[in-house]
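Trainee: Coordinates only, no sequence provided:
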């Protein structure tokens, strides 16, 4: 590809920090025409997006692992607001994708293109506890070259708590989508539940989609989408992305996929500071997160 990607400072889109290349294509994203049978997969970054996308793609392919290897995950399940130099935009990919389409986004609820609501599209949102998100995001900032330099973990923690990372405040994101969960077309899942009882969560997804699947098919999905299987799956692990965009020698895209890895990274003082900040920002919310396995 030969494009040297250097992380630059984030721009701002309606007050949300975002990559400048994404902001440039915003008019096309905002005007995106959803179809009634589109399924939107929405997450804050580093909250199991690829995992959930792979689960949904294999459900859509009726359990065929082979069909899921037809292309890289980011081509099978296009990322709506994506744009990098020399790569097709998410909107361009989606326009070529046959229905029914799976669409991923990290947009906060207030920035979602209007046509998803107009067409009454189903949405699956997955949230993950913020301590693990921030650690995962820190490694991602280092390996995905579009991000500005995160500095030390201590510095990045402050950036994260201030909502100055790409896609803005984690608190506003998870709460904004949670407030929409009353709508019958939104299924709100938790990463930690999916780790602890994937069978139960896949059943929830199947019910939400109005699909039935034989038990052995569900078992196959669970095996194929286990972290170990996905980590070695070239169509899911992002190893095909040019090193100029993602440097896996710094940190693999699929790094650990566990609950509670933050304990290996936070100091006692950082944890206390984070807890106080969390309590303040989640006050009055009925949204609860499991911080450890």
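Mentor: Thanks, I have the structure now. Nothing here was measured: the structure is a model prediction, and the numbers come from that model. Numbers count the residues shown, from 1 in each chain.

Trainee: Let me know the pLDDT of the nearest residue to residue 31 once chain neighbours are set aside.
Mentor: Spatial nearest neighbour of residue 31, excluding adjacent residues (Cβ to Cβ, 6 or more residues apart in numbering): residue 113 at 7.3 Å. Using the backbone N, CA and C atoms, a C-beta is placed for each residue, glycine as well. Listed pLDDT for residue 113 reads 98.

Trainee: before we move on, what about residue 242?
Mentor: 67.

Trainee: residues contacting residue 259?
Mentor: 129, 132, 191-192, 195-196, 290, 292-293 (Cβ atoms under 8 Å, 6 or more residues apart in numbering).

Trainee: Find the helix or strand that the spatially closest residue to residue 171 that is not a sequence neighbour is a member of.
Mentor: Among residues not flanking residue 171 along the chain, residue 281 sits closest, at 4.3 Å (Cβ to Cβ, 6+ apart). Taking DSSP states H and E as the criterion, residue 281 maps to helix 268-282.

Trainee: Now that helix: average pLDDT?
Mentor: For helix 268-282, the per-residue pLDDT averages 96.

Trainee: shift numbering so it begins at 576
Mentor: Renumbered: residue one is now 576, and that last one reads helix 843-857.

Trainee: State the distance from the spatially most central residue of the chain to residue 726.
Mentor: Most central in the chain under Cα atoms, centre = their mean is residue 624, positioned 3.2 Å from the mean C-alpha point. According to Cβ to Cβ, to the nearest Å, residue 624 stands 24 Å off from residue 726.

Trainee: so what secondary structure elements neighbour the one helix or strand in the chain whose mean pLDDT sits lowest?
Mentor: Ranking every helix and strand in the chain by mean pLDDT, DSSP states H and E puts helix 802-806 at the bottom, with a mean of 81. Helices and strands touching helix 802-806, by 3 or more Cβ pairs under 8 Å, 6 or more residues apart in numbering; DSSP states H and E, are helix 624-635.

Trainee: Helix or strand for residue 666, just tell me which one.
Mentor: helix 665-671.

Trainee: That helix: how far from the chain's middle?
Mentor: 18 Å (Cα atoms, centre = their mean, to the nearest Å).

Trainee: With stretch 679-693 instead?
Mentor: With Cα atoms, centre = their mean, you get 14 Å for stretch 679-693.

Trainee: Next: stretch 646-659.
Mentor: On Cα atoms, centre = their mean, the centre of stretch 646-659 falls 12 Å from the chain's centre.

Trainee: Same check on stretch 731-738?
Mentor: With Cα atoms, centre = their mean, you get 18 Å for stretch 731-738.

Trainee: same deal with stretch 663-679?
Mentor: Per Cα atoms, centre = their mean, the centroid offset for stretch 663-679 relative to its chain is 16 Å.

Trainee: Let me see the ranges of the helices in the stretch 676-825 of the chain.
Mentor: Taking DSSP state H, counting those that start in this stretch, the helices of the stretch 676-825 of the chain run over residues 689-693, 705-718, 728-736, 745-753, 766-771, 773-784, 790-799, 802-806.
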